[in-house]
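Novice: need coordinates for the below:
(one chain, ligands or ions: 2)
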Amino acid sequence: MRTTRRGISRLTAGAAVAFSLLVSSLAVGLARAEGATKLAQDMMGPGMMGPMHRNMMQRMMGGALPPGIDPALLPEPDSAGARILQYYCVQCHNLPGPGMHTAAGWPPVLGRMNMRMRMMGGMMGGMMGVVAPSRIELDILLDYLQKHAQEPIDAAKYPDLNTQAGQAFSTSCVQCHALPDPRQHTAQEWPAVVGRMRGHEAAMGKFVPDKTTTAEIIDFLRRHGRTRE
Ligand code: HEC
Ligand code: HEC
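Specialist: Ligands and ions are numbered 1, 2, ... in the order given. Below you'll find the predicted structure:
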């Protein structure tokens, strides 16, 4: 994996490489294995049907789709993994963040998404213009998602999960992903993260705790947050 990553950064080194260039250079390697049609598709970027298709999907199945994250909030936004995510994973829905699943949870989800891309890029490819990542790109992407995945809490270390605040946290924050380890953020960072989660709750039609409960949850997280970076 290491070698692969270095290989890719060498390919793209020097220039202030626009993302499309990175993908084209990845596509060169991939075209060797998968043929020139794929390369042509990749050079054009995801098909023109993209935005329309995405909006339609979002309307039809919003609750099952990632609520989306601002690309600026992605960890290591300039890494190959983040770029691959931003290229392939917005063809049908909003940009998914790596914190949506644990490291163990990502492989089956990524496998399912890859199957969807291959199906839609194959038979219906001409129409929908969906492109699928190469095996190398998938490996880099899985590495990235797992490196920055949701870190589940070790409940045994938090006896106060039984308190009112602990219960508010446990019930609210397990609705979409594993219950998060509070040490993933500092006390300073938690309020903004919880604020973003409220947006996701609204977007996905989940339960949104009221102001008092939210304050309790934030208190709980701040109390157990990391002390330093
Ligand atoms: C061809 C269309 C398509 C593409 C491209 C696509 N997805 Fe999805 N995605 C879907 C559909 C449809 C759903 C809802 C049904 C489901 O979960 O399978 C979904 C749901 C999701 C979910 C929420 C459901 C869950 O299990 O967490 C995540 C996370 C996700 N996709 C991640 C990704 C990632 C990462 C990529 C890029 C590798 C990606 N998707 C690319 C179609 C797509
Ligand atoms: C409605 C679904 C939903 C609920 C409920 C939810 N989350 Fe999330 N969470 C997400 C999604 C989607 C992501 C990935 C996108 C992102 O990072 O914003 C995420 C990512 C995260 C991350 C990793 C990203 C980061 O910035 O560290 C943490 C930590 C997190 N959630 C904590 C929480 C906490 C704490 C709660 C309860 C207050 C909570 N989540 C409730 C959907 C949810």
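
Novice: give the contact list for the spatially most central residue of the chain.
Specialist: Ranked by distance to the mean C-alpha position of the chain (C-alpha atoms, centre = their mean), the top residue is G97 at 2.6 Å. Residues counted as contacts of G97 (C-beta atoms under 8 Å, 6 or more residues apart in numbering) are 66, 69, 73-74. In this view, the C-beta of every residue, glycine as well, is placed from N, C-alpha and C.

Novice: then R116?
Specialist: R116 makes contact with C92 under the criterion C-beta under 8 Å, 6+ apart.

Novice: can you classify it by secondary structure?
Specialist: helix (DSSP: H, G, I helix; E, B strand; the rest coil).

Novice: hmm, L74 is touching A82, no?
Specialist: Yes - between L74 and A82 there is a contact at 4.9 Å, judged by C-beta atoms under 8 Å.

Novice: any idea how far the residue lying farthest from the centre of the chain is from Q184?
Specialist: Relative to the C-alpha centroid of the chain, counting by C-alpha atoms, centre = their mean, T163 is the outermost residue, at 31.8 Å. In this structure, T163 and Q184 are separated by 20 Å, where distance is defined by C-beta to C-beta, to the nearest Å.

Novice: what of A165?
Specialist: Look at A165 and Q184: by C-beta to C-beta, they are 18 Å apart.

Novice: more crowded one of these two?
Specialist: A165 (19 against 16; other C-beta atoms under 10 Å).

Novice: what's downstream of the host helix or strand of the more buried one, the next helix or strand?
Specialist: Using DSSP states H and E, A165 sits within helix 164-172. Next in sequence after helix 164-172, counting helices and strands by DSSP H and E, comes helix 190-203.

Novice: mean confidence score for the helix or strand that that next one is followed by?
Specialist: Sequence-wise, the next helix or strand downstream of helix 190-203 (DSSP H and E) is helix 211-224. Across helix 211-224, the average pLDDT comes to 97.

Novice: quick one: helix 211-224 to helix 164-172, angle?
Specialist: Between the axes of helix 211-224 and helix 164-172, defined by axes from the mean of the first three to the mean of the last three C-alpha atoms, to 10 degrees, the angle is 100 degrees.

Novice: how far off centre is helix 211-224?
Specialist: For helix 211-224, the gap between its own C-alpha mean and the chain's C-alpha mean amounts to 25 Å (C-alpha atoms, centre = their mean, to the nearest Å).

Novice: same thing with stretch 136-152?
Specialist: Centre to centre, stretch against its chain (C-alpha atoms, centre = their mean), the figure for stretch 136-152 is 9 Å.

Novice: number of nearby residues for the nearest residue to N94 once chain neighbours are set aside?
Specialist: If the residues on either side of it in the chain are set aside, N94 comes closest to G68, at 2.6 Å by C-beta to C-beta, 6 or more residues apart in numbering. By the measure other C-beta under 10 Å, the count of residues near G68 is 16.
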